[in-house]
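Trainee: Sequence first, then the predicted structure:
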Amino acid sequence: MMKRLFFLLLTIGFIATLEACKNEDKETEAKLNQEIMKIHDEVMPKMGDLNRMKRQLSAYKDEVPDDNAAMKDSLINAILLLAKTEDNMNDWMANYKYPNPDLKHDEMLKYLKGQQDTIKQINNDVFMTLAIGNGLLKNAPQSARE
Amino acid sequence: MLKFKFSILFALLLPLSIFVISCGSDVAKNKTLPIIGERLGIAPSGDTIYPTIPNFSFINQNGDTVTNADFEGKIYVADFFFTHCPTICPKVTAQMLRVHDRFKDSAMVLLLSHSIDPKNDTIGRLHEYAGKLGVVAPKWHFITGNKDSIYTIADDYFSIAKENPNSPGGFDHSGRLILVDKKRRVRSFCDGTDAKDVDRFMGDIQTLLLEK
C-alpha cells in the first residue's frame, strides 16, 4: 500500500515538474516575442515615412536634368534601398510566426532569437535609409518635398 | 385636498415636460458634426471649401474595382490595416466589426479597409480575411492595389484627420477610423483600439445619418 502511494506521489511530482518547466519555457518564449514586438512597434510608424520619402525622391528624380547622371543614380539607388527596406519589413511581418506549436522549445528559442536579429537589422535599415533620403532631399526643389 | 395634490403634481411635471420637449428635441435637431480639416477658402457662391478625399481606384476582396463612384450618396468608415499585422490591427478590426454589426442594416453606411501591404495582401488573402470575419462586399470592402497610391491616399486621410492641426499628419499606424460624408469630407475620427472612443464615433455616424 505504502509502495503504491510512494509511486503515485513520485509520478505526480514528476508530471508537476515537467509542467512547471514547460510553463517556464513558454514564459521565456513569450518574453522574447514581446521584445520583438517592441522593436516592431518602433518600426511601424516609420513605414509611412519610408513610402513618402520614396515618392518624394521619385518626384525629385524626375526634375533632375538628364545631364546630371550622378545625381539621378544616387536618387535611383536611394529609392531602390527604400523600396527594399519596405519589402523586408512587410515580408518579415508576413512570415513571422508566434506561437508555433510545430517547434520544440530549443528550436523556438533559436527561431525567435534569429527573428529578433532580423527585426533589429530592419530597424537599423529604416533609420539609415531615411537618413540617406533626408540628405538627398535637402537639395531638392520645394515642389518635390511636398 | 385632492385638487391641491394635483396642483403640486402639475407644478412638478410641467417644467419637466417643457424641459424634455424643448431641450430634448433641440439636441436631436441641432446636433451636427463639424467638418474636419483646414478650410481651403471661400467659393464664389459663398460656401466654405473644405479638404476632400481625392479620386481613387483599388481592387477589393472579390477582385472587383472599387472607386469613389461606389461611395456616391453614402457615408463610409475608412481604415488602414494589413492581414498579418501582429499588434494593433486585430484590435482595430475587432472595433471595425462592431461598427459593421451596428450599421449592418443601414444601406447608407459602408466600410473601406485599405491594406498597406498590398504585395502580401493579395485578393485571395483579403477574401479569406473577410470570410473569417463573416463580412461581404459591397458593405465592407477590403482593398489592395498600387502601394504608393494607397500610401498617398493614407496621407490624404490622415492629413485631414489629425489630433493637432499643426502636426505634419500622415500615416502613423495609429489604428484611426475615419468617417467620410456624402461630399467626401471627413466628419469624425477615433482611435480604433479604444472601444469607448469607438462608441462615441458610432454616435457620430448616427448623427451624420440624420443630416440632410
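Mentor: Noted; the coordinates are in hand.
Trainee: Near chain B, which residues of chain A? Just list them.
Mentor: Chain A has residues A:37, A:40-41, A:44-45, A:47-49, A:51-52, A:54-55, A:86-87, A:90-91, A:93-94, A:96, A:98 near chain B, with proximity defined as Cβ under 8 Å from any Cβ of the partner chain. For the C-beta atoms, the positions are set from N, CA and C on the backbone; glycine is no exception.
Trainee: let's see it at 10 Å
Mentor: Residues of chain A lying near chain B by Cβ under 10 Å from any Cβ of the partner chain: A:33, A:36-38, A:40-41, A:43-52, A:54-55, A:58, A:83, A:86-87, A:89-98.
Trainee: And the buried ones among those residues, selectable in PyMOL?
Mentor: PyMOL command restricting the residues of chain A next to chain B to the buried ones, with burial defined by 16 or more other Cβ atoms under 10 Å in any protein chain shown:
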select buried, chain A and resi 33+36+40+43+44+46+47+48+49+50+51+52+54+55+58+83+86+89+90+92+93+94+96+98
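Trainee: So which of the residues of chain A next to chain B belong to helices?
Mentor: If you go by DSSP state H, those have A:33, A:36-38, A:40-41, A:43, A:47-52, A:54-55, A:58, A:83, A:86-87, A:89-95 in helices.
Trainee: Following the chain onward from the lowest-mean-pLDDT helix or strand in chain B, which element is next?
Mentor: One helix or strand of chain B scores below all others by mean pLDDT, DSSP states H and E: helix B:25-30, with a mean of 47. Downstream of helix B:25-30, the next assigned helix or strand under DSSP states H and E is strand B:41-42.
Trainee: what's whichever helix or strand comes after that following strand packed up against?
Mentor: Under the assignment DSSP H and E, the closest C-terminal helix or strand after strand B:41-42 is strand B:48-49. Here strand B:48-49 touches strand B:41-42, going by 3 or more Cβ pairs under 10 Å, 6 or more residues apart in numbering or on different chains; DSSP states H and E.
Trainee: Can you tell me which residues in chain B are near chain A?
Mentor: Neighbours of chain A within chain B, by Cβ under 10 Å from any Cβ: B:80, B:82-89, B:116-121, B:125, B:147-148, B:150-152, B:154-155, B:158, B:168-174.
Trainee: Please flag which of those residues sit within strands.
Mentor: B:Phe80 (DSSP state E).
Trainee: which ones among the residues of chain B next to chain A are found in helices?
Mentor: Using DSSP H, the residues of chain B next to chain A in helices are B:Cys89, B:Arg125, B:Lys147, B:Asp148, B:Ile150, B:Tyr151, B:Thr152, B:Ala154, B:Asp155, B:Phe158.
Trainee: residues contacting the closest residue to the fifth one other than its chain neighbours?
Mentor: Ranked by Cβ to Cβ, 6 or more residues apart in numbering or on different chains and with sequence neighbours excluded, the top spatial neighbour of B:Ile150 is B:His114, at 5.3 Å. Under the criterion of Cβ atoms under 10 Å, 6 or more residues apart in numbering or on different chains, the contact list for B:His114 reads B:56, B:58, B:78-82, B:121, B:141-145, B:149-151, B:153-154, B:157.
Trainee: Can you tell me which of these are buried?
Mentor: Neighbour-count burial (16+ other Cβ under 10 Å) applied to these gives B:56, B:58, B:78-82, B:121, B:141-145, B:150-151, B:153-154, B:157.
Trainee: rewinding a little: list the pairing partners of the helix or strand harbouring the residue nearest to B:Ile150 within its sheet, with orientation.
Mentor: Under the criterion of DSSP H and E, B:His114 resides in strand B:109-115. Strand B:109-115 pairs in its sheet with strand B:75-81 (parallel), strand B:140-144 (parallel), by DSSP bridges.
Trainee: export the ones you listed to JSON lines and tack on mean pLDDT and distance to B:Asp47?
Mentor: Output for the strands paired with strand B:109-115, formatted as JSON lines (pLDDT from 0 to 100; distance: least, Cβ to Cβ, whole Å):
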{"stretch": "strand B:75-81", "mean pLDDT": "96", "distance to B:Asp47": "20"}
{"stretch": "strand B:140-144", "mean pLDDT": "98", "distance to B:Asp47": "30"}
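Trainee: Name the residue of chain A that lies nearest to chain B.
Mentor: Minimum separation of chain A from chain B (Cβ to the nearest Cβ) falls at A:Gly48, amounting to 3.2 Å.
Trainee: Look up how far B:Lys147 lies from that residue.
Mentor: As judged by Cβ to Cβ, to the nearest Å, A:Gly48 and B:Lys147 stand 12 Å apart.
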